[in-house]
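*Asks:* Got a predicted structure here, sequence first:
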Amino acid sequence: MLREISLEVQSGEAVGVIGPNGSGKTTLFKAIAGMLRPKSGKILFDGLRLDGLHTPDVARRGVVYVPAERELFPQMTVLENLELGAYANPRDRDDQFRFVFSLFPRLAERKRQLAESMSGGEQQMLAIARGVMAKPKVLLLDEPSTGLAPLLVAEMYRQLSQLKAQGLTILLAEQQVPHALAFCERTYVLENGWIKLSGRSSDLLGDPAIKRSYLGVG
Amino acid sequence: MIPIIIDGVVQGLQFSLLAVGITLIYGLGGVLNLAHGQFAVIGGVTAALLIGGGMNVILACVLGVLASGLFGLIVDRSLLLPAYRYKGEERLLLGLILTLGLSFVVDGYLNYRVPDAALTVQLPYPSVTVAGITIRTASVATSVLAILAFLMLGAFLKGTLLGKAVRSIIQNEVGAELCGISATRTRTLIVCLSAILAGVGGVAQGVFSSLGSELGVELTIFALIVAVVGGVRSISGTLVAGILLGIVNAVASFYIGTYLTLIILLAAAMLTILVRPSGMLAYWT
Amino acid sequence: MRQPRIPTGYVTLGVVGAVLALVPLATGDSAHYARITTLMLVYMTYAVAFNMILGHTRQLFLCLGALAGSAAYVSVVLTRELELSPWTTILLGTLVAGALGGMFSYVSVRRGLGVIFLGIVTLAFSLIFQNLIYGLRALTNGETGLVTKGMGLSVLEDQRSSYYVIFGVLMLSLFVYQLMMRSRIGVAFRALSDDEYTAELAGIDVTSYKVLAASVGSLLIGFVGALYGYRNGFISPAIYSLAGIDIVVLITLLVGGMRTLLGPVLGGVAFAVVDELVRPFGQLTVLVYGMLLIILFLTFREGLVSVLRKVTKLDIP
């Protein structure tokens, strides 16, 4: 459950949200995505209010949410999943296909494979790729490293860096704190529905409380 | 025996058309449409009335099918709106009761305005001979109509982006919404489409035999039996299941009578639900 | 919480009983009104039963007509074929209905069937019943039906005495309902209709209470269905059909108010009035029933009792 929080993301930034389970990270993302309605407060995107919009409308505005559960289409191929990802923005679809396949070559190899038959790591890649297909203005990634082997996590963050280099605005929720802090310029620390700390990731890395709770140091 | 089987196949095609529609509305709309048979009857009756009024047969049939589609559209945007405000079981229950009431309304009205007596769609040529077997033109026409409808539906669902969007909602509604696909707007399309399929079935029924007063309920029942017992995961599967049911129904009715046959089929449906409650629509490819 | 000295429920029952007992005096010798009022009592009783089955334990039985009809046909056919006493066969028929209802309930709870699937299963049963009657023509005379006049139940053949017999059954059923609701059973029902999972977790044996409600309800439906079969002079599949009974009882309970004592009674009165108004439409009655069902279910699901409670600020049972 989220209590009172105030968050800000600038265009082109990568912002992280870290915190223990139940702290409200997913609730926050779901609220932005239109899956939950906030009891009070506003969600503004480029001057437009997102709170109160239904999920499909939020997605169509360019704010794309990739949930931890992935929510892929199990009986559809990789190609079809990606195609549907671009549903809101079919015009640039071919360009996006090229971009996505260059980013995730493993998906290119499995174009005609059914989503449900892929491994966890591949499904995670597909979920992110599907989100990218929409040519989003903002990408919300909820714990993208869940269930991935460390090697795959590293690879995924490499790919995300490429996305960041393209100028994509990213809001990232993570359990794997070191990766999040390395990847995001700024980070918010959420605990029990409140923002406990926020600031530049590099500063937070040096914070003794963070070091103790999340980095297992000191 | 052959004429019986042919009749069974033709009848079965109609069952399939309705079964597909009822399953789509259930899978996408979350509503069990107990008035689905009435969707079909409206199409058939419209076509029959138009032909009776002197209109060209083909035009009348097309208009009949469109009438069904229009009716479905209206029902979705009016009667079912309250149901859509809920989710899951609440919606299912409300939809069931509302469509149950609707089925009574339609049947009651049709019985009053166009009471009993077979309404038939007349065809110019009586029969056709294929490979030494004489088949009624009506049977051929009906089968062709139904199969065409199925092919078009399949092409739509597999080939077009909108069709894939429909499948995606059935497979994962949350995922679809995250891609910007609106279940609400797609739902209306699907109800309309299902109604059109039912309309084809209704017109076909009119061409093939007659549109009696009990037809609506009968078609709904058979559609449900196909959907429940067939428990199939694809359109082609439903097509096959429907044809099989048609054949079984025709042959069994010949030997043990229609009542007993229907009892056995219904009992089979009941048993299927009891043994395999998830029967209807896991997900479709 | 102070308990009133005589619980309001029983006082209400007394009032209802007094009023209904006096109705035949108002209708006099008119056969037409005798029929309507007796039929009204029959539907009230069906509604009391349905209140237990659907209202309190959320079991969507779309086979009320079939249950009533099963009892009626079992009774009449056995009396005709085996020349047993009608009272014996009525008992047998009632037991058959009760067993069927209990079985549907038990199986569906055990298999975890949702409300909808139970609805489909019972709907299928309704159709099976209709087709059984048509199919076993030798025994049942198919659509034409069987004449029940002169089968030895004189008390049910006189319009006044039959009214009071059914009146007795109705009052008994209301009394039983009231007893149940004020006992442990009522507590369980209230917990059940709120949230089954929580009730189960709280230690309430959901299965037993659901099956109990379904069985008692079905017994009641069968009993009254059979009784009315004799009173009516003949039975036919059309009488015990979806359009003949199920939709009427649904409307009655919706109008009156589910999960209340007076709901079935008020609903029954309201429906009897509506039915009389609709009579001149002939064929269109089914259409009207359908529209009523839709409109009521959308706009008036709370029922008359609920409305009266708000208006009079009294705790009407």
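*Replies:* Noted; the coordinates are in hand. Only a predicted model underlies this, so the values are computations on that prediction, with no experimental measurement involved.

*Asks:* which residues are in contact with stretch C:123-130?
*Replies:* Judged by CB atoms under 8 Å, 6 or more residues apart in numbering or on different chains, the contacts made with stretch C:123-130 from elsewhere in the structure are B:221, B:262-263, B:266-267, B:269-270, C:62-63, C:65-66, C:69-70, C:100, C:104, C:237, C:240-242, C:246. For the C-beta atoms, the positions are set from N, CA and C on the backbone; glycine is no exception.

*Asks:* tell me how far stretch A:41-57 is from the chain's mean position?
*Replies:* 17 Å (CA atoms, centre = their mean, to the nearest Å).

*Asks:* mean confidence for the helix or strand hosting B:V105?
*Replies:* In the assignment (DSSP states H and E), B:V105 maps to helix B:88-113. Computed over helix B:88-113, the mean pLDDT rounds to 88.

*Asks:* buried stuff in it?
*Replies:* Buried residues in helix B:88-113, counting neighbours by 16 or more other CB atoms under 10 Å in any protein chain shown, are found at B:91-111.

*Asks:* Filter the contacts of stretch C:123-130 down to just the ones in strands.
*Replies:* Residues of the contacts of stretch C:123-130 located in strands (DSSP state E): none.

*Asks:* what's the offset of the lowest-mean-pLDDT helix or strand in chain A from the middle of its chain?
*Replies:* For chain A, counting by mean pLDDT, DSSP states H and E, helix A:208-214 ranks last in confidence among helices and strands (a mean of 75). Taking CA atoms, centre = their mean, one finds helix A:208-214 lying 24 Å from the centre of the chain it belongs to.

*Asks:* Check stretch C:120-136 too.
*Replies:* Put simply, stretch C:120-136 sits 19 Å off its chain's centre (CA atoms, centre = their mean).

*Asks:* Over to stretch A:115-132?
*Replies:* Worked out by CA atoms, centre = their mean, stretch A:115-132 lies 13 Å from the chain centre.

*Asks:* swap in stretch C:152-164?
*Replies:* Relative to the centre of its chain, stretch C:152-164 is centred 20 Å away, using CA atoms, centre = their mean.

*Asks:* One more: stretch C:230-249?
*Replies:* Relative to the chain's own centre, stretch C:230-249 is displaced by 12 Å; criterion: CA atoms, centre = their mean.

*Asks:* quick one: buried residues of it?
*Replies:* Using 16+ other CB under 10 Å, the residues of stretch C:230-249 that count as buried are C:230-232, C:235-237, C:239-249.

*Asks:* can you give me the end-to-end distance of it?
*Replies:* Taking CA to CA, to the nearest Å, the first and last residues of stretch C:230-249 lie 20 Å apart.

*Asks:* Next: stretch C:237-245.
*Replies:* One end of stretch C:237-245 to the other measures 11 Å (CA to CA).

*Asks:* do it and chain B meet at all?
*Replies:* Yes - applying CB under 8 Å from any CB of the partner chain, one finds that stretch C:237-245 is in contact with chain B at C:A243.

*Asks:* Show me the helices in the stretch 1-150 of chain C, by range?
*Replies:* When assigned using DSSP state H, counting those that start in this stretch, the helices of the stretch 1-150 of chain C occupy the ranges C:8-27, C:31-50, C:64-82, C:86-110, C:115-135, C:137-140.

*Asks:* hmm, who's touching the helix or strand bottoming out on mean pLDDT in chain C?
*Replies:* For chain C, counting by mean pLDDT, DSSP H and E, helix C:154-157 ranks last in confidence among helices and strands (a mean of 77). Outside helix C:154-157, the residues within contact range by CB under 8 Å, 6+ apart are C:149-150, C:161-162, C:165, C:227, C:230-231, C:233.

*Asks:* which of the residues in it are buried?
*Replies:* When burial is assessed from 16+ other CB under 10 Å, helix C:154-157 yields the following buried residues: C:156-157.

*Asks:* nearest spatial neighbour of B:A252, skipping sequence neighbours?
*Replies:* Closest residue in space to B:A252, ignoring its immediate chain neighbours: B:T261 at 4.1 Å, by CB to CB, 6 or more residues apart in numbering or on different chains.

*Asks:* Can you list the buried residues in the least confident helix or strand of chain A?
*Replies:* Counting neighbours by 16+ other CB under 10 Å, one finds that the buried residues in helix A:208-214 are A:210, A:213-214.

*Asks:* what does stretch B:62-73 give?
*Replies:* Neighbour-count burial for stretch B:62-73, counted by 16+ other CB under 10 Å, picks out B:63-73.

*Asks:* before we move on, the earlier item: wait, the residue nearest to B:A252 sits on B:S253?
*Replies:* Yes - under the criterion of CB atoms under 8 Å, B:T261 lies in contact with B:S253, with a separation of 4.6 Å.

*Asks:* Only alpha carbons, please: show stretch B:14-27 as PDB.
*Replies:* Only the C-alpha atoms of stretch B:14-27 are listed here, as PDB (Å, rounded to 0.1, in the frame of the first residue of the first chain):
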ATOM      1  CA  GLN B  14     -24.900 -24.500 -37.800                       C
ATOM      2  CA  PHE B  15     -24.200 -25.800 -34.300                       C
ATOM      3  CA  SER B  16     -20.500 -24.900 -34.900                       C
ATOM      4  CA  LEU B  17     -21.300 -21.400 -36.000                       C
ATOM      5  CA  LEU B  18     -23.300 -20.800 -32.900                       C
ATOM      6  CA  ALA B  19     -20.800 -22.500 -30.600                       C
ATOM      7  CA  VAL B  20     -18.000 -20.400 -31.800                       C
ATOM      8  CA  GLY B  21     -20.000 -17.300 -31.200                       C
ATOM      9  CA  ILE B  22     -21.100 -18.300 -27.700                       C
ATOM     10  CA  THR B  23     -17.600 -19.200 -26.800                       C
ATOM     11  CA  LEU B  24     -16.200 -16.000 -28.100                       C
ATOM     12  CA  ILE B  25     -18.700 -13.900 -26.100                       C
ATOM     13  CA  TYR B  26     -17.900 -16.000 -23.000                       C
ATOM     14  CA  GLY B  27     -14.200 -15.800 -23.500                       C
END
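
*Asks:* for that stretch, the distance to its chain's centre please.
*Replies:* Taking the mean of its C-alpha atoms, stretch B:14-27 sits 5 Å from the chain's own mean (CA atoms, centre = their mean).

*Asks:* do the same with stretch A:40-51
*Replies:* Taking mean C-alpha positions (CA atoms, centre = their mean), stretch A:40-51 and its chain are 19 Å apart.
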